[in-house]
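>>> kindly return the folded structure for what I paste below:
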Amino acid sequence: MKLTVAFTGGGTGGHIYPALAIDDALRAAYRDDAYEPRFFGNRDGLEATLVTTMPLVFVPSAPLQRRFSFGALRTLIANVRGIVTALRELAAFRPLMIVATGGYVCFPVVVAARILRLLRVLRCGIGLLEINVTPGLTNRLLVPLVDEVWTTYAASAESFGRKAVLTGAPVRASLRAARDAHAARERLGLDPDGMTIVIMGGSQGARSINEAVAALVTRRTLPANWQLLHVSGERDYAYMEAEEREPTAGNRIRLVAYLDDPADAYAAADAVVARAGASTLAELAVSGIPSVLIPYPHAADRHQQHNADVFARAGAAVVLDDARLDGDLLWWTLRDVLEPDHRAAMSAAARALAPVDAAAAIVARIERAIPARVAADPEANGVRP
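Predicted structure coming up:
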């Protein structure tokens, strides 16, 4: 029996990387001829460039609206088109499992999967991954349509009732593998012995963080052993290149637009400055890195603030208010975080937040769901046990 899995999610790296981590784990567990994945995403999302290990199907979709407007009508039309597309593509692919990892494209795909199940065209299982502490609008609407919700934090269980299964957030295999810090810094073009601070604003970049870093390196004299790796995002790269062209004498900073695989950056880092996206926090926990978190302030459900609060309460992170962020605040915060005893305690606290192997736990949930579905109606998926 071939395991066919339809992944759906997208828009940002936080919705794509967990799907790729689950795909990594399935590839490690199954021979090439026994596993076939397919990714259902949005043409305008990052999945169009980040998903390279499996076929990619583009599904029309739009963010769900909280109130009626002309925008809501456009959203309805886009998602109806998406449901029609997903009905056709899922019926052709015949997945045994749907794995939704977040983002508005999940809505038409999961709705289509439920319709096909009602029509007995498919007998697929449907799992929803929620890596934030609190779910967003799309995931709240999808809960009645899925079989299980895989959560990162125990606090999420109350939002999903008996469907909640605590698995942790899956992290790509490259980030779980041990790497030598000195070698990682050399590969990144850094001093292998320098105290390394990695700054990254998520897959899209973050203007407020970028501007604070520019102020830090041009208006302060940093300790001689400090060096910064600044991942600005493509949008702000040229702007930051101009802002950071003349750092204060002695300050060492390397500016890059984006890292396809941040494994070396995490291995090199003594501390990380970042947004508080759930995928980033999972990576920080697995890597055991102290962090300075600046939650994105404009999220409708304050996801990042709730995520950051978990790390702050555990002692794994210092949380700063985006509205107050500047070069001076960043300077004093980093001095405190990089004090040796504090850094060691924060590192231990971060590691304590990491699950043993979230991707393996999710593979186990997938394998548990499939035999029951196939046994119930083997012909529905073209599979004979």
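>>> low-confidence ranges, the stretch 151-300 of the chain, go.
Along the stretch 151-300 of the chain, segments meeting pLDDT under 70 span 203-204, 300.
>>> can we see that at 50?
For the stretch 151-300 of the chain, no stretch is flagged by pLDDT under 50.
>>> residue 159 and residue 133 touch, don't they?
No. Residue 159 is beyond contact range of residue 133, at 9.1 Å (criterion: CB atoms under 8 Å). Where you see a C-beta, it was placed from the backbone N, CA and C, and this is true even at glycine.
>>> which one's more surrounded, those two?
It is residue 133, of residue 159 and residue 133, that has more neighbours when counted by other CB atoms under 10 Å, with 24 against 18.
>>> residue contacts, the spatially closest residue to that one that is not a sequence neighbour?
Closest residue to residue 133 apart from its sequence neighbours, by CB to CB, 6 or more residues apart in numbering: residue 306 at 4.1 Å. Residue 306 sits next to 132, 133, 134 when contact means CB atoms under 8 Å, 6 or more residues apart in numbering.
>>> would you map the strands across the stretch 151-300 of the chain?
Under the criterion DSSP state E, counting those that start in this stretch, the stretch 151-300 of the chain contains strands at 164-166, 195-200, 226-231, 253-256, 271-274, 291-293.
>>> can you lay out those strands as TSV showing distance to residue 75 and mean neighbour count?
As requested, those are exported to TSV (distance: least, CB to CB, whole Å; neighbours: other CB atoms under 10 Å):
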stretch	distance to residue 75	mean neighbour count
strand 164-166	28	17
strand 195-200	31	24
strand 226-231	32	23
strand 253-256	36	18
strand 271-274	30	25
strand 291-293	31	25
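>>> out of the ones you listed, flag the one nearest residue 363.
Proximity to residue 363 (CB to CB) singles out strand 164-166 among the strands of the stretch 151-300 of the chain, at 12.8 Å.
>>> pLDDT at residue 98, what is it?
pLDDT for residue 98: 97.
>>> confirm it sits in a helix?
No. Using DSSP: H, G, I helix; E, B strand; the rest coil, the secondary structure at residue 98 is strand, not a helix.
>>> residues contacting it?
When contacts are counted by CB under 8 Å, 6+ apart, residue 98 touches 5, 6, 8, 90, 109, 110, 113, 124, 125, 126, 127.
>>> which of these fall within helices?
90, 109, 110, 113 (DSSP state H).
>>> which two in those residues are spaced the farthest apart?
That would be 90 and 110, which, of those, are the farthest apart (CB to CB) at 10.2 Å.
>>> break the chain into its domains for me.
Per automatic domain parsing, the domain ranges recorded for the chain read 3-169+356-381, 175-352.
>>> ok now the first one, how far from the chain's centre?
The one in question is domain 3-169+356-381. Taking CA atoms, centre = their mean, to the nearest Å, one finds domain 3-169+356-381 lying 14 Å from the centre of the chain it belongs to.
>>> and the shortest one, by the same measure?
Relative to the centre of its chain, domain 175-352 is centred 16 Å away, using CA atoms, centre = their mean.
>>> please renumber so the chain begins at 6
Happy to do that; since the first residue is 6 now, the last one works out to domain 180-357.
>>> can you get me the start-to-end distance on that domain?
Its start and end residues considered, domain 180-357 measures 16 Å (CA to CA, to the nearest Å).
>>> again, but for stretch 65-80
First-to-last distance for stretch 65-80 - CA to CA - comes to 10 Å.
>>> and for stretch 249-267?
22 Å.
>>> cool, and stretch 95-111?
End-to-end for stretch 95-111, by CA to CA: 13 Å.
>>> and what of stretch 301-316?
End to end - CA to CA - stretch 301-316 spans 15 Å.
>>> and it, what's buried?
Within stretch 301-316, the residues that count as buried by 16 or more other CB atoms under 10 Å are 301, 304, 307, 308, 309, 310, 311, 312, 313, 314, 315, 316.
>>> I'd like those residues as JSON lines, with secondary structure and distance to residue 66 appended.
Listed next are the buried residues of stretch 301-316 as JSON lines, based on DSSP: H, G, I helix; E, B strand; the rest coil; distance: CB to CB, whole Å:
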{"residue": "301", "secondary structure": "coil", "distance to residue 66": "21"}
{"residue": "304", "secondary structure": "coil", "distance to residue 66": "19"}
{"residue": "307", "secondary structure": "coil", "distance to residue 66": "23"}
{"residue": "308", "secondary structure": "helix", "distance to residue 66": "19"}
{"residue": "309", "secondary structure": "helix", "distance to residue 66": "22"}
{"residue": "310", "secondary structure": "helix", "distance to residue 66": "26"}
{"residue": "311", "secondary structure": "helix", "distance to residue 66": "25"}
{"residue": "312", "secondary structure": "helix", "distance to residue 66": "24"}
{"residue": "313", "secondary structure": "helix", "distance to residue 66": "28"}
{"residue": "314", "secondary structure": "helix", "distance to residue 66": "30"}
{"residue": "315", "secondary structure": "helix", "distance to residue 66": "29"}
{"residue": "316", "secondary structure": "helix", "distance to residue 66": "31"}
